[in-house]
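Enquirer: Sequence and predicted structure are below.
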Amino acid sequence: VLRLAVRVRREEAELVLAELLELAPGGVEEVDLGDAIEYAVYGAPGELPALPDLRAAAGAALVDVSTSVVADDWAERWREFHRPLVLEGAITVRPPWEPAGTTPIDVIIDPGQAFGTGAHASTRLCLELMLDLAGGRAAGGRDAGGHAAGALLDLGCGSGVLGIVAARLGWSPVLAVDCDAASVDAARANARANAVALDVRRLDLRTDQLPEVPTVVANLLSPLLIAGASRIAAGPVRVVIASGILVPEADEVARAFAAHGFTVADRRARGEWAALVLARHP
Ligand SMILES: C[S@@+](CC[C@H](N)C(=O)[O-])C[C@H]1O[C@@H](n2cnc3c(N)ncnc32)[C@H](O)[C@@H]1O
């Protein structure tokens, strides 16, 4: 098995990580080297990202790319950086090989070839905002006034992590869509592993009509959120959690949705990443 490592300048590391996760959606190992950050992926020669793609992802931040053959413990090392995420004592997202969490919601995610271990800042922001929106709602999906949480769409579901947590928070039915076949497979498998009803479909936001739901959670990058705003807003949507946004791009995303009657109800940032709760009233 090979270990393919790319070293990048610290200042631009977060941006490069976002690009690298497109190439290696199952996750990358991160090693802090002081002035530089090293990201590494493991795999058989044919399974690793191509060098030109890797260099392009790192862009001007690139310091060095290196390849090494690793010993038999590579599988253990790979697992070391799929750490459980524990959120506000409420939600645990963990890989299948970690022991059960002690929080009320304990979700197992095996990302396979799909994006979404839960640990990326953009995913984490969505989880926090979903938790806030669900605030106080009982497990049966009804709020204090007895209203059902209603349908939710996980748009760009990757591993299905957001849809699965949404179902556990009480939204129902939960639909999950992705343009990538591996993500559809991973989301279905993860829904089964968590005994959660998830309606997973392959769909491309750029060309296809979206299912009609009141709540959408979309962890996509800003250009796609902006390009897809009218398609997302076309249905009866009242609330959009939009994530995958770099902080300086948040206002532009908000403007794209303002054109369809949405205002910013909440805004949160974690490092370089921002997420918005966009709301539209009848
Ligand atoms: C940043 S990942 C988010 C995955 C997961 N929801 C999470 O939060 O961890 C973005 C996902 O959007 C999907 N995606 C990208 N472009 C898309 C499009 N045009 N239509 C539908 N899904 C898309 C990708 O395949 C990827 O799985």
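Expert: Right, received. Where do you want to start? Numbering: from 1, shown residues only.
Enquirer: measure the spatially most central residue of the chain to Asp154 for me?
Expert: When the chain is reduced to its mean C-alpha position, the closest residue under Cα atoms, centre = their mean turns out to be Thr123, at 3.8 Å. As judged by Cβ to Cβ, to the nearest Å, Thr123 and Asp154 stand 11 Å apart. In short, each C-beta sits where N, CA and C put it, glycine included.
Enquirer: what touches both of those two?
Expert: Common neighbours of Thr123 and Asp154, counting by Cβ atoms under 8 Å, 6 or more residues apart in numbering, are Leu162.
Enquirer: Need the per-residue pLDDT for the residue lying closest to Ala191 once chain neighbours are set aside.
Expert: The spatially closest residue to Ala191, leaving aside those adjacent along the chain, is Leu198, at 3.7 Å (Cβ to Cβ, 6 or more residues apart in numbering). At Leu198, the pLDDT value in this model is 97.
Enquirer: residues contacting Leu198?
Expert: Gly160, Gly163, Ile164, Ala167, Val174, Leu175, Ala176, Ala187, Arg188, Ala191.
Enquirer: and the gap between it and Thr102?
Expert: 24 Å.
Enquirer: mind listing the helices for the stretch 151-282 of the chain?
Expert: With DSSP state H, counting those that start in this stretch as the criterion, the stretch 151-282 of the chain has helices at 161-169, 181-193, 222-233, 250-258.
Enquirer: Which of those helices sits closest to Thr207?
Expert: With Cβ to Cβ as the criterion, Thr207 lies closest to helix 222-233 of the helices of the stretch 151-282 of the chain, at 9.1 Å.
Enquirer: by contact count, what packs against that closest one?
Expert: Helices and strands touching helix 222-233, by 3 or more Cβ pairs under 8 Å, 6 or more residues apart in numbering; DSSP states H and E, are strand 215-219, strand 239-246, helix 250-258.
Enquirer: let's go with 10 Å and repeat that
Expert: Applying 3 or more Cβ pairs under 10 Å, 6 or more residues apart in numbering; DSSP states H and E, we find helix 222-233 packed against strand 152-155, strand 215-219, strand 239-246, helix 250-258, strand 273-279.
Enquirer: Now do the last one against strand 239-246, angle only.
Expert: Which is strand 273-279. In terms of direction (axes from the mean of the first three to the mean of the last three Cα atoms, to 10 degrees), strand 273-279 departs from strand 239-246 by 160 degrees.
Enquirer: is strand 273-279 anywhere near the ligand?
Expert: No: counting by Cβ under 6 Å from any ligand atom, no contacts exist between strand 273-279 and the ligand, the nearest distance being 10.2 Å.
Enquirer: what lines up beside that strand in the sheet?
Expert: When pairs are called by DSSP bridges, strand 273-279 turns out to pair with strand 239-246 (antiparallel), strand 263-270 (antiparallel).
Enquirer: in it, what counts as buried?
Expert: Buried positions in strand 273-279, judged by neighbour count with 16 or more other Cβ atoms under 10 Å: Trp273, Ala274, Ala275, Leu276, Val277, Leu278, Ala279.
Enquirer: What count of nearby residues applies to the closest residue to the fourth one other than its chain neighbours?
Expert: Distances taken as Cβ to Cβ, 6+ apart place Ala242 nearest to Leu276, at 4.8 Å, with adjacent residues excluded. By the criterion of other Cβ atoms under 10 Å, Ala242 has 32 neighbours.
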